[in-house]
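Engineer: need coordinates for the following:
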Amino acid sequence: MTGPKTEPRSTASTVVRAERESTISAELAELLRTGPFEAALRTAIRCSRLSLERIQHRLRARGTPVSITALSYWQSGRRRPERPDSLLALQQLESVLGVPEGSLSALLGPPRPRGRTRQASSDAPPLSALWADNESAVELLTRIDTSHDSKLTRLSHHDVVHIDDQGKLRKIRTRKLIRAECNGADRWIIMFDGASSSETPPIIRPIRSCRLGQVLTDHARDMVVAELLFDRALARGETTLIEYEIIEPPTGLNEDDHTFCRLFRLPVRQYVIELQFDPARPPVRCESYVGDSTSQEVEPPKPLTVDRYGRTHAVALDFGMGVFGVRWDPDLAASGPTAAATRTNGR
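Structural biologist: Alright, predicted model coming up:
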């Protein structure tokens, strides 16, 4: 006769460990939703079972080195990633730790107001005020729901601008990480003011976590206002990462200015603008500039270096309200003048 069967110690230990890991995973999921940043980072590191030395090694291999001291400060709450290189490293850290993309970045909170072009969200003018000199824009905005616009915190914004061999803007690919500050936010508003004489409006193509709603166009002023509807309404504190493209049709002869800029009504923690030129026809000059809400430049322009692949970029942190843009002088010696000028808002 045999006695009662007992669970092998190794199996019991595995069950206990699985239960503990499940508890930690639930804790991490909750912290990634509610914060604070340092608590979520500590728990994510604990769940990854990686030492700070190992994390540092993996970040260095990805081209975003961070010191062990900085990692320790971040998880203790003594400091937070704020510089451009730290924010880029944080994006890679999310991948190393196996947490959802943008989840830790979203917990950093809204940018702190500072600098002469900064303005608190509560003091920002209504969306239509930025286009007060454009009756068409104001009229189009009255036909679209903008009620939740001020309740969405701009965490990061990345534009990739493609420019052809004649120096003309052909496509803008945009990626935004935003957080809802109230329940029910369900859309993002795009305003596109291009220097086009064509009656064909730009093509707006949703790519990630959104779909196209209303698109209103005034051909006479080349003004487009459009809705990007989220996959679902957001709850307070919830983030979404949306991505879309704007493809501008050929416009022929136009203004003499080759410019792309964003007009930000509310602050954005990180704005990156990346330019992709034809590697065989790089511009003879390229620079970034900063302006106030009236587009009056408030800082000396900064030259940008284009690499051998035709790429360059500019970064602004805790920016808004104001204009952040780039301009370039194309090499048109062989093909004659063609120009592009484009302004969009910080949508």
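Engineer: which stretches of this protein form helices?
Structural biologist: Across the chain, reading from the start of the chain, the helices by DSSP state H fall at 9-34, 37-48, 52-61, 68-76, 84-97, 135-141.
Engineer: which helices and strands sit right next to the last one?
Structural biologist: Put plainly, it is helix 135-141. On a contact count with 3 or more Cβ pairs under 8 Å, 6 or more residues apart in numbering; DSSP states H and E, helix 135-141 meets strand 185-194, strand 210-218, strand 223-234. Bear in mind the C-beta positions are built from the backbone N, C-alpha and C, glycine included.
Engineer: and the ones you listed as a markdown table, adding mean neighbour count, mean pLDDT and distance to residue 71?
Structural biologist: Rendered in a markdown table, the data for the helices and strands packed on helix 135-141 read as follows (neighbours: other Cβ atoms under 10 Å; pLDDT from 0 to 100; distance: least, Cβ to Cβ, whole Å):
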| stretch | mean neighbour count | mean pLDDT | distance to residue 71 |
| --- | --- | --- | --- |
| strand 185-194 | 21 | 84 | 33 |
| strand 210-218 | 16 | 89 | 34 |
| strand 223-234 | 19 | 90 | 30 |
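Engineer: quick one: which of the ones you listed is nearest residue 78?
Structural biologist: With respect to residue 78, and counting by Cβ to Cβ, the nearest of those is strand 223-234 at 31.1 Å.
Engineer: contacts for the closest one, please.
Structural biologist: Counting by Cβ atoms under 8 Å, 6 or more residues apart in numbering, strand 223-234 makes contact with 134, 136-137, 140-141, 143-145, 180, 183-194, 201-202, 204, 206, 209-218, 240, 242, 244, all of which sit outside it.
Engineer: returning to that earlier point: could you dump the helices and strands packed on helix 135-141 to a markdown table with distance to residue 268?
Structural biologist: Below are those laid out as a markdown table (distance: least, Cβ to Cβ, whole Å):
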| stretch | distance to residue 268 |
| --- | --- |
| strand 185-194 | 13 |
| strand 210-218 | 18 |
| strand 223-234 | 17 |
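Engineer: how about the ones you listed, which one is nearest residue 108?
Structural biologist: Taking Cβ to Cβ as the criterion, residue 108 comes closest to strand 223-234 out of the helices and strands packed on helix 135-141, the separation being 17.9 Å.
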